[in-house]
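*Asks:* Based on what follows, work out the 3D shape:
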Amino acid sequence: MRIYPLVFKHVFAKMDPEQAHHFAFNAIKIAQRAGLTKLTRKFFAPSAKLKRTVMGIDFPSPFGLAAGFDKGATGIVGLSDIGFGHVEIGTVTGQAQPGNPQPRLFRLIEDRAVINRMGFNNEGAERVAARVANARQELKGDYSATRPVIGVNIGKTKVVELEDAVGDYLASTRQLAIHADYLVVNVSSPNTPGLRLLQSVESLRPLLSEVGELADKVSGRHIPLLVKIAPDLSDEDVADVAQLAIELKLDGIIATNTTITRDGLKSEMTKVEEIGAGGLSGAPLKARSLAVLRQLRSLVPSDMALIAVGGVETAQDVKDRLDAGADLVQGYTAFLYEGPFWARSINRGLEGMF
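*Replies:* Here you go, the predicted model:
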């Protein structure tokens, strides 16, 4: 089971990070199309004792894959088959866009971290929606018990002005909400100019209100709605977001996205400075993400879901987030370092803790 770290060290670490991501992800998708992940599904499946109901949805495990890995909903079934209790796809924008110029993904191996400035590269809401619909039907057919859950994360198209952002989010909602188990409004990526300005309560209120109303209308059912916030918000701003979430009766908050800070890194600062702008994810985010989670849990009602993400690497990390008040936990960066058995390892570790 520990073969992958050696493969990473001697193969992937020598490749361009974005190319390595595509290579590894394509391997999972090829295995799924060949029927291999279906054959090994029982090996990867989380124990039934890990099942939990959050936001009215049955999750086979509290541990899932954060948005950013499967931006275009091309590998939902394969990722579900290797043990993730939910897969959050995206970030998806109303219009297709190429994202920022390459290189735009960088590893800080000493820190078990990644810096990215991908810029929401995706094929647009309409095209992605068809894939989500197909994956949802396939999972329904393949899983007789609790099927893995699909979250959909939406963001602002780069060329759309901030004053037109609500309409852009609504365009994505109109296409995607009906196929989502839950919907996430992402206003916290540092890689779309001006996006984080939407985290102000004045901007968030109309955005979340209109997205939630439209999502339920086009779906004919209630679609759980969450907002994803940055770890760089002040405690006062976190409190304001929590109060707004209560006011709008949001189903949950995801804490946290990547950070623009570079504090406490082991990597040489000259290397970090050469990389430049982008969101930092991985182990260095652990303490701040946990602190934001604890603050939110103290402010919002117990029936409001909190999804913790940021610096999650081990089963103990997941357990720590659950103990701190998270209802679900997500990971991403450690997946790049640990490989395809990572979700299974975490689920097996959690099984022994409950």
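*Asks:* can we go C-alpha only for contacts and neighbour counts from here?
*Replies:* OK.
*Asks:* which SSE is the spatially most distant residue from the centre of the chain in?
*Replies:* Distance from the C-alpha centroid of the chain peaks at T270, with 29.5 Å (Cα atoms, centre = their mean). For T270, the element it lies in under DSSP states H and E is helix 269-275.
*Asks:* right, and the helix or strand after that helix?
*Replies:* Per DSSP H and E, the first helix or strand lying C-terminal to helix 269-275 is strand 279-282.
*Asks:* before we move on, the earlier item: contact partners of the helix holding T270?
*Replies:* Identification of contacts with helix 269-275 by Cα atoms under 8 Å, 6 or more residues apart in numbering yields F106.
*Asks:* hang on, L285 in a helix?
*Replies:* Yes. Counting by DSSP: H, G, I helix; E, B strand; the rest coil, one finds L285 located in a helix.
*Asks:* my read: it touches T259, true?
*Replies:* Yes. Using Cα atoms under 8 Å, L285 is in contact with T259, at 7.4 Å.
*Asks:* Which stretches in the stretch 201-350 of the chain count as helices?
*Replies:* Assigned by DSSP state H, counting those that start in this stretch, the stretch 201-350 of the chain shows helices spanning 201-219, 235-247, 269-275, 286-299, 315-323, 333-338, 342-351.
*Asks:* and the lowest-mean-pLDDT helix or strand in the chain with helix 342-351, angle?
*Replies:* In the chain, no helix or strand scores lower on mean pLDDT, DSSP states H and E than helix 3-10, which sits at a mean of 89. Interaxial angle, helix 3-10 versus helix 342-351 (axes from the mean of the first three to the mean of the last three Cα atoms, to 10 degrees): 140 degrees.
*Asks:* Check which residues of helix 3-10 are buried.
*Replies:* Within helix 3-10, the residues scored as buried using 16 or more other Cα atoms under 10 Å are Y4, P5, F8.
*Asks:* sorry, back to before: so which of the helices of the stretch 201-350 of the chain is nearest S188?
*Replies:* Proximity to S188 (Cα to Cα) singles out helix 201-219 among those, at 11.4 Å.
*Asks:* Report the mean confidence score over that closest one.
*Replies:* Mean pLDDT, helix 201-219: 97.
*Asks:* re earlier: just the pLDDT at the residue farthest from the centre of the chain, thanks.
*Replies:* pLDDT recorded at T270 is 97.
*Asks:* Against which helices or strands is the least confident helix or strand of the chain packed?
*Replies:* Packing contacts for helix 3-10, counted by 3 or more Cα pairs under 8 Å, 6 or more residues apart in numbering; DSSP states H and E, involve helix 333-338.
*Asks:* Centre of the chain to the helix it packs on, how far?
*Replies:* 14 Å (Cα atoms, centre = their mean, to the nearest Å).
*Asks:* contact partners of that helix?
*Replies:* Applying Cα under 8 Å, 6+ apart, the set of residues contacting helix 333-338 from outside is 4-5, 8, 21, 112-114, 281-282, 311-313, 342.
*Asks:* redo that, cut-off 6 Å
*Replies:* Helix 333-338 has contacts (Cα atoms under 6 Å, 6 or more residues apart in numbering) with G282, E313.
*Asks:* could you dump it to CSV, C-alpha only?
*Replies:* The C-alpha trace of helix 333-338 is given here as CSV (Å, rounded to 0.1, in the frame of the first residue of the first chain):
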residue,chain,number,x,y,z
THR,A,333,-3.6,18.0,-1.6
ALA,A,334,-2.6,14.9,0.3
PHE,A,335,-4.3,12.8,-2.5
LEU,A,336,-1.5,14.0,-4.8
TYR,A,337,1.1,12.8,-2.3
GLU,A,338,-0.5,9.6,-1.1
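*Asks:* Average pLDDT for it, rounded please.
*Replies:* For helix 333-338, the mean pLDDT works out to 96.
*Asks:* For it, could you pull out the residues that count as buried?
*Replies:* Residues of helix 333-338 classed as buried under the neighbour-count rule (16+ other Cα under 10 Å) are T333, A334, F335, L336, Y337, E338.
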